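> Here is my input, please return the structure:
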Amino acid sequence: MKNNRKGFTLVELMAVLVILGILATVVVVSIDPVFQRANLEK
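Next up, the predicted model:
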């Protein structure tokens with residue numbers, strides 16, 4: 001039996017969302033000190 005459906009499954013979409021969430025968290029944590037330093041210099 002061939003599965004000819006195109007698109008993504010719910011599990012694949014959830015995995016992508018989890019990975020994007022982790023990447024967003026890492027970016028925010030790494031950029032936060034830059035903004036704090038900029039506020040101190042004002």
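> Check which helix or strand Thr25 maps to.
helix 10-41 (DSSP states H and E).
> Check this structure and tell me which residue is nearest its centre.
Leu20 (2.1 Å; C-alpha atoms, centre = their mean).
> So Lys6: helix, strand or coil?
Assigned by DSSP: H, G, I helix; E, B strand; the rest coil, the conformation of Lys6 is coil.
> Look at it and say how many residues are nearby.
5 (other C-beta atoms under 10 Å). Quick note: C-beta positions are derived from backbone N, CA and C, even for glycine.
> go on, Val27?
Residues contacting Val27 under the criterion other C-beta under 10 Å number 10.
> just the one 5 residues further on next, same as before
As a burial measure, the neighbour count of Asp32 was computed by other C-beta under 10 Å and equals 10.
> now do the one 3 residues further on
Neighbour count of Phe35, defined by other C-beta under 10 Å: 10.
> Give me the pLDDT for it.
Per-residue pLDDT puts Phe35 at 77.
> and if you look at the one 3 residues further on?
Note on Ala38: pLDDT of 79.
> do you know how far it is from Asp32?
11 Å (C-beta to C-beta, to the nearest Å).
> ok, now Asn39?
Where Asp32 is concerned, Asn39 sits at a distance of 11 Å (C-beta to C-beta).
> what do the two both touch?
Common neighbours of Asn39 and Asp32, counting by C-beta atoms under 8 Å, 6 or more residues apart in numbering, are absent.
> re earlier: quick one: buried residues of the helix holding Thr25?
Residues of helix 10-41 classed as buried by neighbour count (16 or more other C-beta atoms under 10 Å): none.
> got the contact list for Val34?
If you count contacts by C-beta under 8 Å, 6+ apart, Val34 has none.
> any weak-confidence spans in this protein?
1-4, 42 (pLDDT under 70).
> what do you get if the cut-off is 80, keeping everything else the same?
1-5, 34-35, 38-42 (pLDDT under 80).
> separation between Thr25 and Thr9?
Counting by C-beta to C-beta - Thr25 and Thr9 are separated by 25 Å.
> nope, Leu40 is what I meant
47 Å.
> Alright, that wraps it up for me.
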